[in-house]
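# sequence isn't available, so here's the structure alone:
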């Protein structure tokens, strides 16, 4: 995956949470655009996990992004 492709996922309007899948089977879910960023070299991304710990990811090891469906991301009507 390229840095540009990852940036597009982060900047999508409206933002849709997504899960990053890596070649070794690990996965990370990005629940908000502020929880991920692409490094200046366009080769790495930094992602905050749900527990607040950050992970540095080599974008060449990303095999795919899995986006939540719009129904999963919508808030229930009050």
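Received it, and whenever you're ready, just let me know what you need. Remember, predicted model here, so these are calculated numbers, not experimental data. Residues are numbered from 1 along each chain as shown.

# rest of the way, CA atoms for contacts and neighbours
Noted.

# and the nearest residue to residue 4 once chain neighbours are set aside, what does it touch?
Using CA to CA, 6 or more residues apart in numbering and skipping the chain neighbours, the partner closest in space to residue 4 is residue 42 (7.3 Å). Counting by CA atoms under 8 Å, 6 or more residues apart in numbering, residue 42 touches 2-4.

# could you rerun that using 10 Å?
Shown in contact with residue 42 (CA atoms under 10 Å, 6 or more residues apart in numbering): 1-7, 58-59.

# repeat that for residue 24.
Residues in contact with residue 24 (CA under 10 Å, 6+ apart) are 61-63.

# state which helix of the protein is the longest.
helix 3-11 (DSSP state H).

# from the contact counts, what lies against it?
The contact analysis (3 or more CA pairs under 10 Å, 6 or more residues apart in numbering; DSSP states H and E) places helix 3-11 against strand 18-22, strand 36-38, strand 44-48, strand 62-67.

# so residue 51 lies in a strand, does it not?
No. Residue 51: not assigned to a strand; according to DSSP: H, G, I helix; E, B strand; the rest coil it is coil.

# rewinding a little: show the buried residues in the contacts of residue 42.
The neighbour count (16 or more other CA atoms under 10 Å) marks 1, 3, 6-7, 58-59 as buried among these.

# now render these as JSON lines, adding distance to residue 48.
Shown next, in JSON lines, are the buried ones among the contacts of residue 42 (distance: CA to CA, whole Å):
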{"residue": "1", "distance to residue 48": "19"}
{"residue": "3", "distance to residue 48": "17"}
{"residue": "6", "distance to residue 48": "15"}
{"residue": "7", "distance to residue 48": "15"}
{"residue": "58", "distance to residue 48": "14"}
{"residue": "59", "distance to residue 48": "15"}
